[in-house]
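Asks: Sequence plus the predicted model coming up.
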Amino acid sequence: MATLIASIDCGSSLIKAGILDLNGRLVCDASREAPCAYKNGGSVEIEPDALIAGVFSALKEAVEKSGASPADIAALAVSSQRASVLGLDAKGKPVGNIISWQDMRGKAGIDILKKRICDADYYNITGIPNNPLFTLSKILFIKNNSPDIYKKISKFTLLCGYINKAFGCADAAIDISNASLTGIFDISSLRWSRKIIELAGISKDKLPQLMRSGIPAGAVSGHAAPRCGLLKGTPIISGAGDQQCALIGTGALSKGSGALTLGTASVLMGLTRKVFKDPEMKIFCTHGSLDGARMLEGFQSSAGAGVNWLRRTLLAGREMSKKFLREIATIKPGAGGIIFYPYFAGAAAPNWNPEATGLCLGLKFSHTPASIARALFESIAMETRGISELFKSAGVGLREIRITGGLANIETLNQIIADALNKNVSTLMNPEASLLGAAILAACGAGIYGSAGQAVAKMTAAGKTYFPDRENAEFYSNLFKKYNEIYISLNKGKVFKKLSVDH
């Protein structure tokens, strides 16, 4: 019996490949830099052949380094960045490059669509805001700016569909969880929205087929096998979006459990069995990749990005040393009166203010770089608490949070989040939650486990748990009120609007 699983996590900056055992232990992994090109005019594109070369070579290296026989690998599944889109011709070949979710050139098309459907009606259909972040804007950009290319495209697909096809699937179908971030998908009926298709003026025939996550999608082809290190015929199981896989990989599937990814951006997530329509449209309702499940998502645009800013500026590009982290830990809650707003790229959830800029208020001569770092950590926690309050209003109150991502190894930040939210916060035994989530879906689809619940119980485990300190929790509850009051005053006084104007 095969005892290993292969999984891919295709992110915005890094492609990761992992070989995991049936207990969720990462046996071996390898990575490649994602071939994402940032060009003038806001173009953010990925060359399709370079992407597949990176995926195949990373997986082949992981298989070889693991020392396992390819025959020991039971199945493969992919976790992928969401909303990035590629057009394929009638023969299934790429037409142009993949347009990344980070590419905002389609804003003009979305602005036109906003005149045909109000934001509230759009959100009530899709569960997400009408924003150029999502796939529809990229399709409209091609249609409006390159009509000849649009005509050549037989099918659009997302990264998950294109990668699966490269491995050997017959077509470039996509899973429902990825579809729920396209801006064309009806989150209630779980189908492409006929209304949005008609209003946007796109062809339904050009949209990919839909399938559930965790089911057989195909098998590794003879062409792909020698390039990726797997055997011809290895089952390919439909995966899910990177955040959906991350949630599964944390094991936070039960009521009252949530997951927080702390990467370049930050996302708080929780599963729900109902479709939630936020009256203020501040949080997303997407598909949770498990049957019948929806997922609430609250997105912060700058978490790890803010920490990288701190490193580049106050630390002259150096990593945060253990000594510096200890110094942050010794500073009392409140950072000596500093209040930081981490809006380096505008404010996402819970405030959604594109004009907002980063602010560091309350500086005194007594403050140090560690004081500012502490205030930055606290701002991440304050923003997360704001999203958590929205979840509570949606009937998804969280008692505990499992945390993953690059910042999850900063113990002081983990404790601040536990105190600020007044909830238990746990790290993971396997920190590669998206790889693990894809592996769990693969294990279910291959019939190794009978259900996602059974697989999660076997393959996930919490690491260290951070318990909230009662006094600190009370302090942060008061700070949260102050944090919001100051934000409201700044916004009402049009401070952000004035700061956002280039001089």
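Replies: Everything's here; your move.

Asks: Strands of the stretch 101-250 of the chain, start to end?
Replies: Remark: strands assigned in the stretch 101-250 of the chain by DSSP state E, counting those that start in this stretch are 155-158, 174-175, 185-186, 191-192, 210-211, 216-219, 235-241.

Asks: Let me have the ones you listed in TSV, extended by mean neighbour count.
Replies: The way it works is simple: take the backbone N, C-alpha and C, and place the C-beta from them, glycine included. Output for the strands of the stretch 101-250 of the chain, formatted as TSV (neighbours: other CB atoms under 10 Å):
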stretch	mean neighbour count
strand 155-158	25
strand 174-175	28
strand 185-186	24
strand 191-192	14
strand 210-211	16
strand 216-219	21
strand 235-241	29
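
Asks: As CSV, those strands with mean pLDDT and distance to residue 95 would be great.
Replies: CSV is the format used below for those (pLDDT from 0 to 100; distance: least, CB to CB, whole Å):
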stretch, mean pLDDT, distance to residue 95
strand 155-158, 98, 10
strand 174-175, 98, 17
strand 185-186, 98, 22
strand 191-192, 98, 20
strand 210-211, 98, 21
strand 216-219, 98, 22
strand 235-241, 97, 23
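
Asks: Dump the ones you listed to TSV, plus distance to residue 268.
Replies: Listed next are those as TSV, based on distance: least, CB to CB, whole Å:
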stretch	distance to residue 268
strand 155-158	23
strand 174-175	22
strand 185-186	22
strand 191-192	28
strand 210-211	27
strand 216-219	30
strand 235-241	15
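
Asks: Out of those strands, the one nearest residue 76 is which?
Replies: Proximity to residue 76, assessed across these by CB to CB, is greatest for strand 235-241 (5.4 Å).

Asks: Paired strands for the closest one, with orientation please.
Replies: Neighbouring strands of strand 235-241 in its sheet, by DSSP bridges, are strand 73-80 (parallel), strand 216-219 (antiparallel).

Asks: Please name whichever of those is nearest to residue 425.
Replies: strand 73-80 (22.9 Å).

Asks: Give me the helices and strands touching the first helix or strand past that closest one going along the chain, please.
Replies: Once strand 73-80 ends, the next helix or strand along the chain (criterion: DSSP states H and E) is strand 85-88. On a contact count with 3 or more CB pairs under 8 Å, 6 or more residues apart in numbering; DSSP states H and E, strand 85-88 meets strand 94-99, helix 135-145, helix 147-152, strand 155-158, helix 159-167.

Asks: Which among the strands of the stretch 101-250 of the chain is found nearest to residue 125?
Replies: The nearest among the strands of the stretch 101-250 of the chain, by CB to CB, is strand 185-186 at 5.5 Å.

Asks: in the lengthiest helix in the chain, what counts as buried?
Replies: In the chain, with assignment by DSSP state H, the single longest helix is helix 369-393. Neighbour-count burial for helix 369-393, counted by 16 or more other CB atoms under 10 Å, picks out 370-391.

Asks: What residues does residue 45 make contact with?
Replies: Taking CB atoms under 8 Å, 6 or more residues apart in numbering as the criterion, residue 45 is in contact with 36-37, 39, 97-100, 103.

Asks: Ok, residue 167 next?
Replies: Residue 167 neighbours (CB under 8 Å, 6+ apart): 76, 218, 220-221, 224, 228, 236.

Asks: Most neighbours among those, which one?
Replies: Per-residue neighbour counts (other CB atoms under 10 Å) across the contacts of residue 167 peak at residue 76, which has 31 neighbours.

Asks: picking that back up, residue 285 is nearest to which of the strands of the stretch 101-250 of the chain?
Replies: Ranking these by proximity to residue 285 (CB to CB) places strand 185-186 first, at 11.2 Å.

Asks: That closest one: how far from the chain's middle?
Replies: Offset of strand 185-186 from its chain centre (CA atoms, centre = their mean, to the nearest Å): 19 Å.

Asks: ok, now stretch 189-200?
Replies: 24 Å.

Asks: Can you give me the buried ones in that stretch?
Replies: Buried residues in stretch 189-200, defined by neighbour count with 16+ other CB under 10 Å: 190, 192-193, 196-197, 199-200.

Asks: which one of the residues you listed is nearest residue 426?
Replies: Closest to residue 426, out of all of the buried residues of stretch 189-200 and judged by CB to CB, is residue 190, at 31.5 Å.

Asks: In the stretch 351-500 of the chain, mark out all the helices, start to finish.
Replies: Secondary structure of the stretch 351-500 of the chain (DSSP state H, counting those that start in this stretch): helices at 369-393, 411-421, 433-445, 452-459, 470-492, 495-499.

Asks: Pull the residues that contact the last one.
Replies: Looking back up the chat, that one is helix 495-499. In contact with helix 495-499 (CB under 8 Å, 6+ apart) are residues 343, 353, 355-357, 490.

Asks: Check the second one too.
Replies: Taking contacts as CB under 8 Å, 6+ apart, the residues outside helix 411-421 that touch it are 260, 262, 325, 328-329, 333, 374, 377-378, 380-382, 384-385, 388, 398, 401, 403, 407-408, 424-425, 427, 464, 466-469, 472-473, 475-476, 479-480.

Asks: and residue 110, which of the strands of the stretch 101-250 of the chain is closest to it?
Replies: Residue 110 lies closest to strand 185-186 among the strands of the stretch 101-250 of the chain, at 15.7 Å (CB to CB).

Asks: which strands and helices sit next to that closest one?
Replies: Using 3+ CB pairs under 8 Å, 6+ apart, the elements in contact with strand 185-186 are helix 119-126, strand 191-192.

Asks: could those go into TSV alongside distance to residue 365?
Replies: Below are the helices and strands packed on strand 185-186 laid out as TSV (distance: least, CB to CB, whole Å):
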stretch	distance to residue 365
helix 119-126	46
strand 191-192	60
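
Asks: ok, and the closest non-adjacent residue to residue 300?
Replies: residue 266 (4.1 Å; CB to CB, 6 or more residues apart in numbering).

Asks: swap in residue 405?
Replies: Residue nearest to residue 405 in three dimensions, not counting chain neighbours: residue 262, with 3.8 Å by CB to CB, 6+ apart.

Asks: List the beta-bridge partners for that neighbour.
Replies: residue 266.

Asks: got the contact list for it?
Replies: By CB under 8 Å, 6+ apart, the contact set of residue 262 is 303-304, 380, 403-408, 413.

Asks: Which of these are buried? Put it as a PyMOL command.
Replies: In PyMOL syntax, the buried subset of the contacts of residue 262 is picked out as below (16+ other CB under 10 Å):
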select buried, resi 303+304+380+403+404+405+407+408+413
